[in-house]
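Asker: Quick one, what's the 3D model for this:
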Amino acid sequence: MIENKQETIVAGIRASGKLHIGNYLGALKDFVSLPNDKTKTCFFFIADLHALTTPFEPKVLKDTVLDVTATYLAAGLDINKCVFFPQSQVLEHTELAWIFNCLLPLGELERMTQYKDKILQHKESINAGLLTYPALMAADILIYKGQSVPVGDDQVQHVELARVAARKFNNRFGKTFFEPKTYMQKPLRIMSLSDPAKKMSKTGDEALLLDDSPEEISRKLKKAVTASEPGKKSAGVENLFLLLEHFGTEQEIAGFRDLQKNETLKFSELKETLANNISGYFAEFREKKKELLAKPDFLAEVLGDGAAKARTVAGETLLEVKQKIGLL
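Answerer: As a prediction, this is how the structure comes out:
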């Protein structure tokens, strides 16, 4: 049986370090606004199980989960309008993932681009979790009968695998899951400040972290790469303009574009404007997050309440699945 009166949105963010401005523009900003749409039911989870697939420290992982929780809340996520929880506290995810592992061909998992990239990045710790990561992601989505998944373009292939898992299960055991689609038509890519040929990550001076102080934001932007090859647009400059489009005024955007067109643009002025705008935009966020991190018991309570709500829905789906495949 499959019936959803509202569109179900499912999305997670990996518990692996502080979030940067690309995470905010590409995901978190939408996560905050989506629950306000009464035609949608939203499930947002912290992907702490996925974080186990690459090297980690237990204490750091625990602290990161609380940090991500504070980040979501400080950014404005209304936990009364959505279900927000840690993945590891809803065991139905892993049980459904095992069932999908037994349905998905090995070749489907081995062809995943991220799997190929990860085994090159972590040659010293290649594990089975890296291979079966997409099966767990499919379970993350389908356990809530997810229909739409807000993802970056690096995760589109995984959503496609979730569609494959849903299709294979439906064909063999009867209509159970929707085949989910990506929610964002044009995923946003904020590039590294130090190497604008690659996507921004959470390390070093290449990323503007949401927690960064005004001084740190200014320091990092001053070092941002703007060089280009003769006759080509500078990827670094275009990345700065992309940020300006999100944090600048219409007048600032038009003014700096005119200067660029006239070849009179001073990068120092562009960077200074960006630094002021970005630090001002996140001023309230920084203060709220600081207050929340001082209340770890409250954060744990928020996660526990969210997990309880998620288990109610996930349990119903897993019961249906087990009945259909003969485990009950």
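
Asker: ok, which stretches of the protein are helices?
Answerer: According to DSSP state H, the chain carries its helices in the segments 21-23, 29-33, 58-74, 92-101, 106-110, 113-121, 128-142, 156-173, 214-222, 235-247, 250-261, 267-281, 283-293, 296-325.

Asker: Residues in contact with the shortest one: which ones?
Answerer: Identification of contacts with helix 21-23 by CB atoms under 8 Å, 6 or more residues apart in numbering yields 13, 188-190, 199-200, 207-210, 243, 278. For every residue, glycine as well, the C-beta is placed using N, CA and C.

Asker: likewise stretch 241-259?
Answerer: Outside of stretch 241-259, the residues within contact range by CB under 8 Å, 6+ apart are 21, 25, 190-191, 260, 265-266, 269-270, 273-274, 277-278, 281.

Asker: again, 10 Å this time
Answerer: Among residues not part of stretch 241-259, those counted as contacts by CB atoms under 10 Å, 6 or more residues apart in numbering are 21-22, 24-25, 29, 188-191, 193, 208, 221, 224, 234, 237, 240, 260, 264-266, 269-271, 273-282.

Asker: and the residues you listed, which are buried?
Answerer: Among these, those that count as buried by neighbour count (16 or more other CB atoms under 10 Å) are 21-22, 24-25, 189-191, 193, 208, 221, 224, 234, 237, 240, 260, 265, 270-271, 273-279, 282.

Asker: measure the nearest residue to Gly315 once chain neighbours are set aside to Phe85 for me?
Answerer: With CB to CB, 6 or more residues apart in numbering as the measure, Glu92 is the residue that lies nearest to Gly315, at 6.1 Å, once sequence neighbours are left out. Noted for Glu92: a distance of 12 Å to Phe85, by CB to CB, to the nearest Å.

Asker: Name the residues contacting each of these two.
Answerer: Between them, Glu92 and Phe85 share these contacting residues under CB under 10 Å, 6+ apart: 310-311, 314.

Asker: Tell me which of Glu92 and Phe85 has more neighbours.
Answerer: The neighbour comparison of Glu92 against Phe85 (other CB atoms under 10 Å) goes to Phe85, with 26 against 20.

Asker: Would you mind measuring from that one to Glu320?
Answerer: As for Phe85, its distance to Glu320 is 21 Å (criterion: CB to CB).

Asker: next one: Lys18
Answerer: In this structure, Lys18 and Glu320 are separated by 38 Å, where distance is defined by CB to CB.

Asker: which one of those two has more residues nearby?
Answerer: Comparing Lys18 with Glu320 by neighbour count (other CB under 10 Å), the higher total belongs to Glu320, at 18 against 15.

Asker: gap between the two ends of stretch 21-35?
Answerer: End-to-end span of stretch 21-35 (CA to CA, to the nearest Å): 21 Å.

Asker: go on, stretch 47-55?
Answerer: This stretch, stretch 47-55, spans 15 Å end to end (CA to CA).

Asker: Pull the distance from it to the chain's centre.
Answerer: On the basis of CA atoms, centre = their mean, to the nearest Å, the separation between the geometric centre of stretch 47-55 and that of its chain is 14 Å.

Asker: re earlier: contacting residues for the residue nearest to Gly315?
Answerer: By CB under 10 Å, 6+ apart, Glu92 lies in contact with 139, 143-144, 310-311, 313-319, 321.

Asker: Closest one to Glu7 out of those, please.
Answerer: Minimum separation from Glu7 among these (CB to CB) is found for Tyr144, which lies at 11.7 Å.

Asker: Count the residues that sit near that closest one.
Answerer: Using other CB under 10 Å: Tyr144 sits among 27 other residues.

Asker: Could you do Phe100 as well?
Answerer: 24.

Asker: Verify the stated contact: it with Arg167.
Answerer: No - the pair Phe100 / Arg167 is not scored as a contact, 11.6 Å apart, by CB atoms under 10 Å.

Asker: so where is the stretch 201-328 of the chain shaky, pLDDT-wise?
Answerer: Scanning the stretch 201-328 of the chain with the threshold set as pLDDT under 70 gives 229-231.

Asker: For His20, which non-adjacent residue is spatially closest?
Answerer: When the adjacent residues along the chain are set aside, His20 lies closest to Ala207, with 4.0 Å between them (CB to CB, 6+ apart).

Asker: Hmm, I typed the wrong one, I wanted Met137.
Answerer: Counting by CB to CB, 6+ apart, the nearest residue to Met137 once its immediate chain neighbours are dropped is His158, at 4.9 Å.
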